[in-house]
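Asks: Just need the structure, nothing else, for what follows:
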Amino acid sequence: MRELQAMLGVSRSVVSGLVAAGFVTPSRGPGNAYRFTFQDVVLLRTALQLREARIPPRKIITALTRLKDALPDELPLTGIRVSAVGSEVAVRTGTSQWDAVTGQLLLDFEVAQIKGDVVFLDSAPAQKNVAHQAQEWYELGEQLRTSDASGAERAYNKAIELSPQPFYAAYVDLGALLCELEGRCEDALHLFEKALTHFPDDAVLHFNRAIAFEELGRLEDAERSYQRCLALDPSYADAHHNLAILLERRGDPQGLVRHLNAYRRLTT
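Replies: You can find the predicted model right below:
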């Protein structure tokens, strides 16, 4: 509970109210502590957005509880948008929008009037909204990275899927995350190779790809990737360092000295 509050800035009363209402049903961990899922986090971010739009906590709980009753048993993460319109909570599904508390249909309103704009992702939004939603998923991935690797992976993938343009930061950060997870370097390698089809001359991607090759024991491929990284950016100190160590492993003392000296020149 404390970790979630710190991550999202949602008050304990709002979280406790949502749990008591049955809208989120966290499991229990050691010491009977709440354990929240990725989907719970997305839902609670909705509550945070509505609260920032000055919707009273009681109305947030009422609106989201009634919304849950109107949805299928499995809470969807697409096709629904929840927003604050003045002091009310509005839900948009397709071309229809309605008051989440009363169920009354609402007339269209200007985009400028919307606050708390992010929530469940719209199924067919304009390109600008898609880019904004992709950024929101990326930021969620960053927040979850140290506490929920699986949730972070899903968030980064959603950002990549939604973004109208190749999402460079999401590729880099997801690949790095996968490389940190046991047994996922092959997945990271495939991701970096996909990213390089969009950003073929990016030194960072070639560097990260080299690390994935090293972890997989593919030392010749790793050496080529480090060399490509340095061809694109000769001042990439970490690439010189890693390549020096790799060349020592491969029995190339001259290469070791050359790249180690380059690393020292760049870092002193």
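Asks: give me the low-pLDDT residue ranges for the chain?
Replies: Residue ranges of the chain with pLDDT under 70: 6-10, 21-23, 38-39, 42-43, 47-48, 51-52, 64-65, 67-128.
Asks: For the biggest helix by length in it, buried residues please.
Replies: Determined from DSSP state H, the single longest helix within the chain is helix 127-144. Applying a neighbour-count criterion of 16 or more other Cβ atoms under 10 Å, one finds 129-131, 133-138, 140-141, 143-144 buried in helix 127-144. The way it works is simple: take the backbone N, C-alpha and C, and place the C-beta from them, glycine included.
Asks: In those residues, find the pair that's most separated.
Replies: Within the buried residues of helix 127-144, Asn129 and Leu144 form the most distant pair, 22.5 Å apart (Cβ to Cβ).
Asks: residues contacting the residue most central in space within the chain?
Replies: For the chain, the residue sitting closest to the mean C-alpha position, by Cα atoms, centre = their mean, is Gly141 at 2.3 Å. With contact taken as Cβ atoms under 8 Å, 6 or more residues apart in numbering, Gly141 is in contact with 151-153, 155-156, 159, 170, 173-174.
Asks: and of the residues you listed, the nearest to Ala53?
Replies: Ala155 (22.6 Å).
Asks: Show me the domain layout of this structure.
Replies: For the chain, automatic domain parsing gives the domain ranges 125-165, 180-268.
Asks: and these as JSON lines, adding distance to Met1?
Replies: JSON lines is the format used below for the domains of the chain (distance: least, Cβ to Cβ, whole Å):
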{"stretch": "domain 125-165", "distance to Met1": "13"}
{"stretch": "domain 180-268", "distance to Met1": "26"}
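Asks: Do a quick rundown of the strands in the stretch 51-200 of the chain.
Replies: Using DSSP state E, counting those that start in this stretch, the strands of the stretch 51-200 of the chain run over 81-85, 88-93, 96-99, 114-115.
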